[in-house]
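> Pasting the sequence and the predicted model now:
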Amino acid sequence: MTQPHRVVITPGEPAGIGPDLVVQLAQLDWPVELVVCADRTLLTDRAAMLGLPLTLLPYDASLVPKPQKAGTLTLLPVALTTPVIPGVLNVLNGPYVVETLARACDGSTQGEFAALITGPVQKSIINDAGIAFTGHTEFFEARSHTDKVVMMLATEELRVALATTHLPLKAISDAITPDLLREVITILDNDLRTKFGLVEPHILVCGLNPHAGEGGHMGMEEIDTIIPVLEEMRAKGMNLSGPLPADTLFQPKYLDHADAVLAMYHDQGLPVLKYQGFGRAVNITLGLPFIRTSVDHGTALELAGQGKANVGSFITALNLAIKMIVNTK
Ligand SMILES: NC(=O)C1=CN([C@@H]2O[C@H](COP(=O)(O)OP(=O)(O)OC[C@H]3O[C@@H](n4cnc5c(N)ncnc54)[C@H](O)[C@@H]3O)[C@@H](O)[C@H]2O)C=CC1
Ligand SMILES: NCC(=O)COP(=O)(O)O
């Protein structure tokens, strides 16, 4: 990296472990400027609770970014609505969380930040505050006016992308349309090439039904939708295998020769990924006009403010974002 870049971080739900993790991140030297979009008192209170040093430097977009020194963070202030008790959700702070995401997303879309790294949000409390919200992925897609994005979680050894994200199970079959699959596979193939440096990515595509439909005896989505789209995309030069039964494809015999798995829905792919690498996996949004990575876990309210939260996934998410900045230069 020739000149340091500026990355923006949102700690997420203020009553969860996000602020603890951000304070922990600040204990290391970083080759980029870490601009944290959050409330000042939230961060200084949490640092005091954890007994960790923290100096907040003022954010000035007109200055050249500087590498972040251990013990410091650069603050882009957004005020809480009401003070926070760690572990106790407060609906009044729902709009605060969304404001931090909106500011970080807008700055990233406009090129102010080279990447956006998010801590975990409590999706329920944002909805309880009257703001329709299913996840960062969908929020950033809408806010940045992007047609379609793809959620992918990755460890060093395994990448799992999702055809659908935060949907109730009963809505999934209807959501798996030829257009959706075409868009998702195109984004996945493209971003594996451009952001991960893979020359001809090999993607394993899961079926939707048990045994990938058992030849139509356990569901028709494979025959009606998935197989025709895969044939079409293979004809365009993509290296796709499947549809494969999801219960047997997650074994070295298949994974050793693949660059990513495309699961049809959230709980088809993510339990395997999290069993394999919870705490060191990263959530990446593909298809956005900027780099966005995130932690692999939720708000863990019961651990907030206690110094028990593992910062591994957040560190990996930040390191991967830095690597992606370099790869996409
Ligand atoms: N990226 C995001 O914004 C995500 C947000 N969530 C949200 O988090 C909330 C809680 O979800 P849960 O299913 O309970 O998942 P969770 O990840 O918060 O907790 C699951 C288990 O893992 C532990 N855990 C999680 N992160 C940890 C860490 N860094 N260090 C040590 N232990 C950790 C928790 O203590 C708990 O036992 C939900 O509202 C959900 O929507 C969930 C996943 C991702
Ligand atoms: N299971 C992943 C998750 O819920 C995080 O989603 P997002 O908030 O990053 O869209």
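Thanks, I have it. Ligands and ions are numbered 1, 2, ... in the order given.
> show me what contacts the closest residue to residue 281 other than its chain neighbours?
Counting by CB to CB, 6 or more residues apart in numbering, the nearest residue to residue 281 once its immediate chain neighbours are dropped is residue 296, at 3.8 Å. Heads up, the C-betas are built off the backbone N, CA and C, glycines and all. Residues in contact with residue 296 (CB atoms under 8 Å, 6 or more residues apart in numbering) are 153, 273-274, 277-283, 313.
> of all those residues, which comes closest to ligand 2?
Of all the contacts of residue 296, residue 283 has the smallest distance to ligand 2: 5.0 Å, by CB to the nearest ligand atom.
> which residues touch the closest one?
151-153, 293-296, 317.
> Whichever residue of the stretch 151-300 of the chain sits closest to ligand 1 sits in which helix or strand?
Among the residues of the stretch 151-300 of the chain, residue 298 lies nearest to ligand 1; the distance is 2.2 Å by CB to the nearest ligand atom. Counting by DSSP states H and E, there is no helix or strand that carries residue 298.
> was I right about it contacting residue 120?
Yes: here residue 298 lies in contact with residue 120, judged by CB atoms under 8 Å, at a distance of 4.9 Å.
> Of these two, give the one with the bigger neighbour count.
A count of neighbours by other CB atoms under 10 Å puts residue 120 above the other of residue 298 and residue 120, at 24 against 15.
> doesn't that one fall inside a strand?
No: secondary structure assignment places residue 120 outside any strand; it is coil (DSSP: H, G, I helix; E, B strand; the rest coil).
> ok, it - contacts?
By CB under 8 Å, 6+ apart, residue 120 lies in contact with 12-13, 16-18, 294-295, 297-300.
> Now the two most distant members of those residues.
For these, the farthest-apart pair by CB to CB is 294 and 300; their separation is 14.4 Å.
> Tell me which residue in the chain sits closest to ligand 2.
For the chain, the nearest residue to ligand 2 under the criterion CB to the nearest ligand atom is residue 135, separated by 2.8 Å.
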